[in-house]
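S.K.: Quick one, fold the following:
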Amino acid sequence: MGSWDTRARLYSGVSRSLQVATDAAAMAVRPDYSSFANSQDVLVRHSHFELDVNFNTKVLEGFVHVHIEAVSDGPKELVLDTRDLTLHGVTLQSTGEKLKYKLGEKHKALGSPLHIELPSGFSTGSKLNLGIRFSCSPQSTALQYLDPEQTAGGKHPYLFTQCQAIHARSLVPCQDTPAVKSSYSAAVRVPADLTALMSAVPKDGPPSIQPDTTLDFDSSSTESEPITAPEGVPHLPPPPSGSDTKLCYFLQKVPIPSYLIALAVGELESRQLSDRSCVWSEPSVVDAAAYEFADTAKYLEAGEALAGPYVWGRYDLLLLPPSFPYGGMENPCLTFVTPTLLAGDRSLTNVVAHEIAHSWTGNLVTNASWEHFWLNEGWTMFLERKIVGKLQGDAALQFYAAQGAQSLADEVSRIGPDHNFTRLVPDLSAGEDPDDAFSRVPYEKGFYFLYYLQNLVGGPSAFEPFMRSYLDTFAFKTVTSEQFKEHFLNHFKDNKAVSTIDWETWYHAPGMPPVKNDYDTSLATAAYDLAVKWHTADVMGIGAPPPKGVSPDDIKGWGSEQIVAFLE
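M.R.: Now for the predicted structure:
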């Protein structure tokens, strides 16, 4: 593969219209019921973070340089999302003028809006650079501090963040809505014997953004000077006397939503997996991680074959301590994964296929609000299974699809078939925490819908070109379910079958899908038949002898999921 810039230029037609498209998307999807941000008036174009990690106090000190642009005429204020942050001051960076600000009433789930009064004369197209000094609470929902005893090495503390869905506001003041994408850079001060990583590319010194050549600004921008970060963390208090610290710099030049900001600090080492991938972990497990994830390049290449160029430069993995609460998190350039994947035989690394798929479906093309979460996760399940099918055969794709359908039925039964959260597009207008709405439903009902559409229009040969068209059209942008529908119907305008789609029921009816998909269940049937054979030999569960004719060869060549299906 070529350099990041070479691959990114393949999207040059998209990137040149990015600023206009982002503006339109941010205004078209209002309101985002999970955010207070006034992104219909003002957009954050770039943020530079100065961060100081203090494991003794568990208070993260911060300063953010916020580069904003007016997208409506004469906005009087910038409204950002915050939750449990302490604000110390806001300045206009060009003059040092202190700006008036106030925190609004606290919402139990959404936090408190930060209202910043803007200078007069701030009109459409105008740009400002604001500075906000803040501190994170030890109770920040985005931050997880681990004592040395909670790590694999047992000698050093550890910190990691989790910002999805709306936890970035408890890490930094931001427009905490997926409707807004912006680039970011950072300088992070950490103890000298630890390493910091972010969802960005590490840099040797203060990074800079060239507005006329990178994806976060339109090529017609009037801003000619690069945005250059300051040396170090000059707006933060100095470290305690006698402490030994170091600075780590990062740059994420591809615009991302706030939920993809990520930070990890610990005793970390890396092992190279390919020319663009490595795995990071604590020293005691890093070699095991390198063995387990050795096939990462194959998944990445299969993803590119299906979805187009990988635009993020690096694809690294960070194996976290056992307390990480997810299987994986698709942070750009640095996927977080759970150590429970270390099976020793590479049997559980399909999770990597899922997180790699997010590089296109979720990170590159992003749901405009959390009501449209299926556009992230349903599409990612679809692309993940396409990748698995490409590498392991169609029978594996069909097996995972069938297992997913059963998982969906179980989840709908657990939540309740009439519950709002079993809709493909749930209603979050009452200010619900999006985390409460997250379940297997957007993953599996979303996949189920896309698989139905694929069969309806003529199978993979007809649908996969649409998938590429969808990803190319909405690359670097955000998208709603209605925009997906419009693009789909336009692409298949000559296909009469699409007139039969009941969009209203698919999108807004709770419960199971209105149409039944059929899958090849041969792999699942083999697992179930063997399970029945064993069960009938010992119906009473008293330890009877095994059935006749069984042997280890019965499960030879089975994947871990097929073995789980047998055991369950």
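S.K.: quick one: low-confidence ranges for the stretch 1-150 of the chain?
M.R.: Within the stretch 1-150 of the chain, the segments meeting pLDDT under 70 span 1-30.
S.K.: in it, which spans are strands?
M.R.: Counting by DSSP state E, counting those that start in this stretch, the segments of the stretch 1-150 of the chain that form strands are 42-52, 61-70, 77-82, 85-92, 97-98, 101-103, 112-117, 127-136, 143-146.
S.K.: For the last one, which strands pair with it and how are they oriented?
M.R.: If I follow you right, that is strand 143-146. strand 158-161 (antiparallel) (DSSP bridges).
S.K.: Give me the average confidence score over the strand it pairs with.
M.R.: Strand 158-161 shows an average pLDDT of 97 in the prediction.
S.K.: any idea which residue sits dead centre in the protein?
M.R.: Nearest residue to the geometric centre of the chain (CA atoms, centre = their mean): Glu330, 4.3 Å.
S.K.: That residue contacts Asn363, doesn't it?
M.R.: Yes: contact criterion CB atoms under 8 Å: Glu330 and Asn363 qualify, at 6.1 Å. In short, each C-beta sits where N, CA and C put it, glycine included.
S.K.: Give the intersection of the neighbour lists for these two.
M.R.: Common neighbours of Glu330 and Asn363 (criterion: CB atoms under 8 Å, 6 or more residues apart in numbering): Leu260.
S.K.: Tell me where the stretch 301-450 of the chain has strands.
M.R.: Here the stretch 301-450 of the chain has its strands, by DSSP E, counting those that start in this stretch, at 316-319, 328-329, 334-337, 365-367.
S.K.: Point out the other elements, helices or strands, that the shortest one touches.
M.R.: If I follow you right, that is strand 328-329. Strand 328-329 sits against strand 334-337, helix 350-357, with contacts defined as 3 or more CB pairs under 8 Å, 6 or more residues apart in numbering; DSSP states H and E.
S.K.: what's the answer for the third one, then?
M.R.: Judged by 3+ CB pairs under 8 Å, 6+ apart, strand 334-337 is in contact with strand 316-319, strand 328-329, helix 350-357.
S.K.: closest one to His167 among the ones you listed?
M.R.: Ranking those by their distance to His167 (criterion: CB to CB) puts strand 328-329 first, at 11.3 Å.
S.K.: How far off centre is that closest one?
M.R.: Here strand 328-329 is found 8 Å from its chain centre; the criterion is CA atoms, centre = their mean, to the nearest Å.
S.K.: Kindly report the same for stretch 390-409.
M.R.: On the basis of CA atoms, centre = their mean, stretch 390-409 sits 23 Å off its chain's mean C-alpha point.
S.K.: Go through it and flag the buried ones.
M.R.: Across stretch 390-409, burial judged by 16 or more other CB atoms under 10 Å covers 390-391, 396-405, 408.
S.K.: Mind naming the longest helix for this structure?
M.R.: Ranked by residue count and defined by DSSP state H, the top helix of the chain is helix 394-415.
S.K.: Now do that helix: which elements does it pack against?
M.R.: If you count contacts as 3+ CB pairs under 8 Å, 6+ apart, helix 394-415 packs onto helix 374-392, helix 440-457, helix 522-537, helix 560-567.
S.K.: quick one on the thing from earlier: could I get the strands of the stretch 301-450 of the chain as TSV with mean pLDDT, distance to Pro309 and mean neighbour count?
M.R.: Putting the strands of the stretch 301-450 of the chain into TSV (pLDDT from 0 to 100; distance: least, CB to CB, whole Å; neighbours: other CB atoms under 10 Å) gives the following:
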stretch	mean pLDDT	distance to Pro309	mean neighbour count
strand 316-319	98	18	25
strand 328-329	94	22	22
strand 334-337	97	18	26
strand 365-367	98	14	25
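S.K.: would you turn these into JSON lines with distance to Gly431?
M.R.: Listed next are the strands of the stretch 301-450 of the chain as JSON lines, based on distance: least, CB to CB, whole Å:
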{"stretch": "strand 316-319", "distance to Gly431": "33"}
{"stretch": "strand 328-329", "distance to Gly431": "25"}
{"stretch": "strand 334-337", "distance to Gly431": "28"}
{"stretch": "strand 365-367", "distance to Gly431": "18"}
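S.K.: Any chance of JSON lines for the helices and strands packed on strand 328-329, columns distance to Leu110?
M.R.: Shown next, in JSON lines, are the helices and strands packed on strand 328-329 (distance: least, CB to CB, whole Å):
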{"stretch": "strand 334-337", "distance to Leu110": "24"}
{"stretch": "helix 350-357", "distance to Leu110": "27"}
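S.K.: Number of residues surrounding Ser123?
M.R.: Neighbour count of Ser123, defined by other CB atoms under 10 Å: 11.
S.K.: residues touching it, list them.
M.R.: Ala70, Asp73, Gly74.
S.K.: next one: phi and psi at it?
M.R.: The phi and psi values for Ser123, taken as degrees, to the nearest 10, are phi -120, psi 170.
S.K.: what's the most buried one of the helices and strands packed on helix 394-415?
M.R.: Comparing these by mean neighbour count (mean count of other CB atoms under 10 Å), helix 374-392 ranks first with a mean of 24.
S.K.: Run through the neighbouring helices and strands of it.
M.R.: Using 3+ CB pairs under 8 Å, 6+ apart: helix 374-392 touches helix 296-307, helix 350-357, strand 365-367, helix 394-415, helix 440-457, helix 460-474, helix 481-491.
S.K.: now these as CSV including distance to Gln562?
M.R.: Shown next, in CSV, are these (distance: least, CB to CB, whole Å):
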stretch, distance to Gln562
helix 296-307, 19
helix 350-357, 12
strand 365-367, 32
helix 394-415, 7
helix 440-457, 18
helix 460-474, 23
helix 481-491, 33
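S.K.: what's stretch 427-435 in contact with?
M.R.: For stretch 427-435, the surrounding residues in contact (CB under 8 Å, 6+ apart) are 33-34, 107, 109-110, 165-166, 369-371, 373, 420, 437.
S.K.: Same question for that stretch: list its buried residues.
M.R.: Leu428, Glu432, Asp433, Pro434.
S.K.: What distance do you get for the third one to Cys174?
M.R.: Which is Asp433. Per CB to CB, to the nearest Å, Asp433 is found 17 Å from Cys174.
S.K.: try the second one
M.R.: Distance, Glu432 to Cys174, by CB to CB: 20 Å.
S.K.: do the same with Gln403
M.R.: Distance, Gln403 to Cys174, by CB to CB: 37 Å.
S.K.: Same check on Asn455?
M.R.: The value you get for Asn455 to Cys174, if CB to CB is used, is 41 Å.
S.K.: And for Ile415, the neighbour number?
M.R.: By the criterion of other CB under 10 Å, Ile415 has 18 neighbours.
S.K.: wait, what's in contact with it?
M.R.: Counting by CB under 8 Å, 6+ apart, Ile415 makes contact with Phe421, Thr422, Ser439, Val441.
S.K.: Quick check: pLDDT value at it.
M.R.: In this model, Ile415 carries a pLDDT of 98.
S.K.: And Pro547, its phi and psi?
M.R.: phi -70, psi 160.
S.K.: nearest spatial neighbour of it, skipping sequence neighbours?
M.R.: Of all residues not flanking Pro547 in the chain, Ala537 sits nearest, at 3.9 Å (CB to CB, 6 or more residues apart in numbering).
S.K.: Let me know whether Gln150 touches Tyr158 as I believe.
M.R.: Yes: between Gln150 and Tyr158 there is a contact under CB under 8 Å: 7.2 Å.
S.K.: Now the common contact residues for those two.
M.R.: Common contact partners of Gln150 and Tyr158 (CB under 8 Å, 6+ apart): Pro321.
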